[in-house]
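Novice: Pasting the sequence and the predicted model now:
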Amino acid sequence: MTKSTSERRRGPVTLRHEAIPPSTADQKLLDSRARSDWKTRDAWRALRILSEFVEGFETLSELPPAVSVFGSARFKPGSAHYDLGERVGAALARAGYAVITGGGPGVMEAANKGASDAGGVSVGLGIELPFEQSLNEWVDLGIDFRYFFARKTMFVKYANGFVVLPGGFGTMDELFEALTLVQTKKVTRFPVVLMGRAYWSGLIEWMRGTMAAESAIGPNDLDLMLITDDVDEAVQYIRTADSELHGLPAEQAAQQAAAEEAGS
Ligand SMILES: C/C(=C\CNc1ncnc2c1ncn2[C@@H]1O[C@H](COP(=O)(O)O)[C@@H](O)[C@H]1O)CO
């Protein structure tokens, strides 16, 4: 009888079967209640955290311009949301962008598949989870992180924009982190595209009718993101923001993109 293939990678270390610990590095860092532990253990942790930043910076700094795509780990191939993810990944790749996802299943896999099939650079930034998981098969360049916050830095630092597809808590966290960074001007001219109008309509309605109405956000804060179902519009929005950042007026950028699209 063959042994089961349960496996966990922790940095350069591979753990299998009984060697897999019941908790993750994030859990140990955030969940620790034993004060006596903190001094020595957290000092070592700081070095491991630093090494994740170094690994990420070294690996990703050579990427072409990239877009981070977020979405549910749970939608299956054949679903409308998976299909949207695949089309977005492909369109971004055709526009010359590397596609960065969380490297997991569902919509992340769809975007990686679209990018890879279209001949683009398909990147997955995986995260250690308490259950077995490996990067999806469409990731061509992958890094496994132990710490969520180190991984999140990479999604922002190496992307020229975010596309957020239908998803759950993880996706919401990524959407609102992006919007907070733009709102507080921690990142400038950073396009955020929310795709799947019907899926997000209740949330958008609530943001408009409650958040904005009660002044918890500014009157123009909902304009910090483009909400669309149109893949071409999403890509064009990112390209225009990109060109503006690099000094081209919006109109000229749109003309240039249209000319390139016609020639492709
Ligand atoms: C639930 C299952 C696997 C989870 N695997 C993940 N792998 C990589 N990244 C993930 C995973 N789960 C969440 N993320 C991150 O959050 C976003 C999706 O979260 P949601 O709650 O599913 O919307 C995604 O963009 C990732 O960055 C078993 O199938």
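Specialist: Cool, the structure landed.

Novice: in the stretch 101-250 of the chain, which spans are helices?
Specialist: Shown for the stretch 101-250 of the chain, the helices assigned by DSSP state H, counting those that start in this stretch span residues 107-117, 148-157, 169-183, 197-206, 231-245, 250-263.

Novice: contacting residues for residue 189?
Specialist: Counting by C-beta atoms under 8 Å, 6 or more residues apart in numbering, residue 189 makes contact with 241, 244, 245. From N, CA and C alone the C-beta is placed, and that goes for glycine too.

Novice: Let's have the residues you listed in TSV, adding pLDDT, neighbour count and distance to residue 82.
Specialist: Listed next are the contacts of residue 189 as TSV, based on pLDDT from 0 to 100; neighbours: other C-beta atoms under 10 Å; distance: C-beta to C-beta, whole Å:
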residue	pLDDT	neighbour count	distance to residue 82
241	92	20	26
244	82	15	32
245	73	14	31
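
Novice: pLDDT weak spots in the stretch 151-264 of the chain?
Specialist: 246-264 (pLDDT under 70).

Novice: So which bits of it are right by the ligand?
Specialist: By C-beta under 6 Å from any ligand atom, the part of the stretch 151-264 of the chain that sits against the ligand consists of 167, 168, 169, 170, 171, 174.

Novice: Would you check which pair of the residues you listed lies furthest apart?
Specialist: Spanning the widest gap among these are 168 and 174, at 10.8 Å by C-beta to C-beta.

Novice: need the contact list for the residue lying closest to residue 64 once chain neighbours are set aside.
Specialist: Distance criterion C-beta to C-beta, 6 or more residues apart in numbering; nearest residue to residue 64, sequence neighbours excluded, is residue 98 at 5.2 Å. Contacts for residue 98 (C-beta under 8 Å, 6+ apart) come out as 63, 64, 65, 66, 67, 115, 120, 121, 122, 123.
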